[in-house]
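K.L.:
generate coordinates for the sequence data below:
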Amino acid sequence: MTTATARFATRPGGSRQLAGTATLLRFALRRDRLMMPLWVGVIGLLVVSMPNSLESIYGTPAERADVARQMLTNSSLRATYGPVFSDTLGGLTAWRIGGYAGVFAAIMSLLIVVRHTRDEEETGRQELISSAMVGRRAPLTAALLAALVANGALALLITGGLAGQGGPGALALGLSVAGVGMVFATMAAIVAQLTESARLAKGLTGGLLGAAFVLRAAGDSATADGSSALTWLSPVGWLEELRSFADERWWVLLLFAAAALAQGAVAYELAGRRDIGMSFLPTRPGPATGRLRTAGALALRLQRGALLGWSLGFLAAGAAFGGITKGASDLVGDNDKTREIIERMGGQSGITDAFLATMVNMLGMVAALYIVSSVLRLHGEETSQRAEPVLANAVGRLRWALGHLTIAFGGSVLIMLLGGLGLALGYGAELGPILGACLVQLPAIWTLGGLAALLYGLSPLLAPGAWGAAGLALLLGWIGPALNIPQTVMDLSPFGHLPKLPGGDMAWTPLLVLTGIAAAATATGLAGLRRRDLST
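P.N.:
Numbering: from 1, shown residues only. The predicted structure follows:
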């Protein structure tokens, strides 16, 4: 630590608790110099590009007013996007993307906080850092400040990007998105004190975020004006209750501030009552024999929680998408531009089949995030040095890696089948064609999984690049058709080469090619892992 930090640490009272905060904050921002701008840039781009997309779809005030009227009677679409409080381009932007931008900001924030708190303790780095002149609560403070920097930058980007829509709505939307991020940043800070595992901390906080989204969806489905008590119980619901680009309720920002401050105070109190590396909810030790006799069984034990969460999430998401599909014809109406976008995403079949194909494609792109996360569990096991004791026994690197890859690739099959089951149940369609359409997504999902295995096998430093590829595929699939991005750019995503099912013509060639690419990339990654040194 610097001399200035050492002098700061000698100050009496609570100052010692925060000694070294500035240094740790600079270190956190340096570590996140790639991840943080990427998150902020992608979320900001989704928001600021939405007015142009909406204007290309609903070009006249009459068309925009018609969309707002439809939300009054379509409960399934309100559950997905929320109610519309203004039929201006700014108001429709807040309706269409505001809630999802808040969810993405929450994910960004919880990842930042957990990475610089529980993850540092789990790897042992925090114990080394704390041996210097570092206060007890300095790491937590630095993590929360890093999250504040990210959310502040996101708020500025949204405010500046939407300033042309008129009025203070851009500022309201930017602050509300950042507010959701900070509520879940402080929530993650609490969960990080309760758990021993960074992975469990992320999972639990993500589960709370999912519960908040479900509460918001249930409340908006019940009422058309956002007045449901369920909506008010959710921080994601507070974002829409601010009513950006309508009659702004600025006092709602006090809810974000109060929740963040209260949760932050609880996190600080918990941080002062435990030792480094310990938690209030210690991990229950598991059996050393029996089901854990093989590398595959160990991989299943390590990843079963995440797989269960993704499975339940896909079943619920499929059911929600099925409910949206029931209102597809009402949403499109006579709007030729909307029909064109949906058909570009889902094929040239009837509007309902094209909408179903679009929903299946969305499930596939989200499943790509699962397979990348599951494959990169190998990276986490290696960098945390938990892989060394396993490989020191009669377990080869290939057996160890194949155990995790089996869960990753096989798990993607499971969650897509459950997503298809939920979609069929939610819409009331025949199960067979929907499941077939979901299985068609697998070669593209496996291609991104194979890329993750390739990058990790070549070098642990390259492994995070798989997240960039998965994010690009999701970004192109989500906003590419609305922005009329050239097909040559859309083809950068493996999902752009899949047949549009149900309703479209089946094509086996791209499926076989993508499967071959996935297999070759995975095999190359395993060969690289076999030859390189493990991280120390």
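K.L.:
next secondary structure after the strand or helix carrying residue 211?
P.N.:
Per DSSP states H and E: residue 211 is located in helix 198-222. For helix 198-222, the succeeding helix or strand toward the C-terminus, using DSSP H and E, is helix 229-232.
K.L.:
now do that following helix: which elements does it pack against?
P.N.:
For helix 229-232, the packing partners by 3 or more CB pairs under 8 Å, 6 or more residues apart in numbering; DSSP states H and E come out as helix 198-222, helix 235-241. All C-beta spots, glycine's among them, are computed from the backbone N, C-alpha and C.
K.L.:
hmm, who's touching the last one?
P.N.:
With CB atoms under 8 Å, 6 or more residues apart in numbering as the test, helix 235-241 has contacts from 82-83, 85, 94-95, 98-99, 102-103, 106, 176-177, 179-180, 183-184, 209, 212-213, 215-216, 219-220, 226, 230-232, 249, 252, 255-256, 259.
K.L.:
and the buried ones among those residues, selectable in ChimeraX?
P.N.:
With 16 or more other CB atoms under 10 Å as the criterion, this ChimeraX line picks the buried residues out of the contacts of helix 235-241:
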select :82,83,85,94,95,98,99,102,103,106,176,177,179,180,183,184,209,212,213,215,216,219,220,226,230,231,232,252,255,256,259
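K.L.:
one step back: report the mean confidence score over the helix holding residue 211.
P.N.:
Mean pLDDT, computed over helix 198-222, is 83.
K.L.:
buried residues of it, list them for me.
P.N.:
Applying 16+ other CB under 10 Å to helix 198-222 flags 198-206, 208-210, 212-221 as buried.
K.L.:
ok, now stretch 509-516?
P.N.:
Using 16+ other CB under 10 Å as the test for burial, stretch 509-516 gives 510-511, 514-515.
K.L.:
which of the residues you listed has the weakest pLDDT?
P.N.:
residue 510 (91).
K.L.:
skipping adjacent residues, who's closest to that one in space?
P.N.:
Leaving aside its chain neighbours, residue 510 sits nearest to residue 497 (4.3 Å; criterion: CB to CB, 6 or more residues apart in numbering).
K.L.:
now residue 378
P.N.:
Closest residue to residue 378 apart from its sequence neighbours, by CB to CB, 6+ apart: residue 404 at 5.1 Å.
K.L.:
mind listing what the one you found touches?
P.N.:
With contact set as CB under 8 Å, 6+ apart, residue 404 has these partners: 299, 302-303, 374-375, 377-378, 381.
K.L.:
now, the most widely separated pair of the residues you listed?
P.N.:
Taking CB to CB, the two most distant members of the contacts of residue 404 are 302 and 375; they sit 13.0 Å apart.
K.L.:
what sits against residue 499?
P.N.:
By CB under 8 Å, 6+ apart, residue 499 lies in contact with 347, 440, 505-507, 510-511.
K.L.:
and it, what helix or strand is that in?
P.N.:
Assessed by DSSP H and E, residue 499 sits outside every helix and strand.
K.L.:
out of the helices and strands packed on helix 229-232, the one nearest residue 527 is which?
P.N.:
Short answer: helix 198-222, nearest of the helices and strands packed on helix 229-232 by CB to CB, at 27.7 Å.
K.L.:
helices and strands around the closest one, which ones?
P.N.:
Short answer (3+ CB pairs under 8 Å, 6+ apart): helix 198-222 packs on helix 75-81, helix 89-115, helix 118-122, helix 169-194, helix 229-232, helix 235-241, helix 295-326.
K.L.:
what angle separates that helix from helix 169-194?
P.N.:
Helix 198-222 runs at 140 degrees relative to helix 169-194, counting by axes from the mean of the first three to the mean of the last three CA atoms, to 10 degrees.
K.L.:
quick check: which element contains residue 54?
P.N.:
helix 50-57.
K.L.:
list the buried ones in that helix?
P.N.:
50-51, 53-54, 57.
K.L.:
which one of those residues sits closest to residue 157?
P.N.:
residue 50 (13.2 Å).
K.L.:
could you check how far the closest one is from residue 101?
P.N.:
9 Å (CB to CB, to the nearest Å).
K.L.:
same thing with residue 488?
P.N.:
In this view, residue 488 and residue 101 are 28 Å apart by CB to CB.
K.L.:
I figured residue 353 hits residue 502, correct?
P.N.:
Yes: under the criterion of CB atoms under 8 Å, residue 353 makes contact with residue 502 at 5.4 Å.
K.L.:
got the angle between the host helix or strand of residue 418 and helix 295-326?
P.N.:
Taking DSSP H and E as the definition, residue 418 sits inside helix 397-427. Helix 397-427 and helix 295-326 are oriented at 20 degrees to each other (the same axes, to 10 degrees).
K.L.:
got the angle for whichever helix or strand comes after helix 397-427 vs helix 397-427?
P.N.:
Where DSSP H and E defines the elements, the next helix or strand beyond helix 397-427 is helix 431-440. On the basis of the same axes, to 10 degrees, helix 431-440 is oriented at 140 degrees to helix 397-427.
K.L.:
and for helix 431-440, what are the contacting residues?
P.N.:
For helix 431-440, the external contacting residues (CB under 8 Å, 6+ apart) are 356-357, 360, 363-364, 413, 416-417, 419-421, 423-424, 427, 498-499, 501-502, 506, 511.
K.L.:
what about the nearest residue to residue 529 once chain neighbours are set aside, how many neighbours?
P.N.:
In space, residue 529 comes closest to residue 457 once its chain neighbours are excluded; the distance is 4.1 Å by CB to CB, 6+ apart. Neighbour count for residue 457, taken as other CB atoms under 10 Å: 26.
K.L.:
tell me the SS of residue 457?
P.N.:
Secondary structure, DSSP: H, G, I helix; E, B strand; the rest coil: residue 457 is helix.
K.L.:
just residue 83 next, same as before
P.N.:
Recorded secondary structure, residue 83: coil (three-state DSSP).
K.L.:
next one: residue 534
P.N.:
Assigned by three-state DSSP, the conformation of residue 534 is coil.
K.L.:
so for it, what's the pLDDT?
P.N.:
Here, the pLDDT recorded for residue 534 equals 80.
K.L.:
tell me which element the closest residue to it other than its chain neighbours falls in.
P.N.:
What sits nearest to residue 534 in space, not counting adjacent residues and going by CB to CB, 6+ apart, is residue 382, at 5.8 Å. Using DSSP H and E, residue 382 sits within helix 377-383.
K.L.:
what helices or strands is the next helix-or-strand element following that helix leaning on?
P.N.:
Moving toward the C-terminus from helix 377-383, the first helix or strand encountered (DSSP H and E) is helix 387-391. Contacting helix 387-391 under the criterion 3+ CB pairs under 8 Å, 6+ apart are the following elements: helix 377-383, helix 397-427.
K.L.:
now what about stretch 528-536, what contacts it?
P.N.:
The contact list for stretch 528-536, computed with CB under 8 Å, 6+ apart, reads 382-383, 385, 387-388, 391, 397-398, 401, 454, 456-460.
K.L.:
so who does the residue nearest to residue 204 when sequence neighbours are not counted touch?
P.N.:
Spatially, and ignoring its direct neighbours in sequence, residue 204 is nearest to residue 191 (5.0 Å; CB to CB, 6+ apart). By CB under 8 Å, 6+ apart, the contact set of residue 191 is 114, 201, 204-205, 208.
K.L.:
residue ranges with poor pLDDT in the stretch 301-450 of the chain?
P.N.:
In the predicted model of the stretch 301-450 of the chain, residues 325-352 satisfy pLDDT under 70.
K.L.:
90 instead, please
P.N.:
Residues of the stretch 301-450 of the chain meeting the criterion pLDDT under 90: 301-363, 365-366, 369, 373, 376-401, 422-434, 437.
K.L.:
cool, thanks, signing off.
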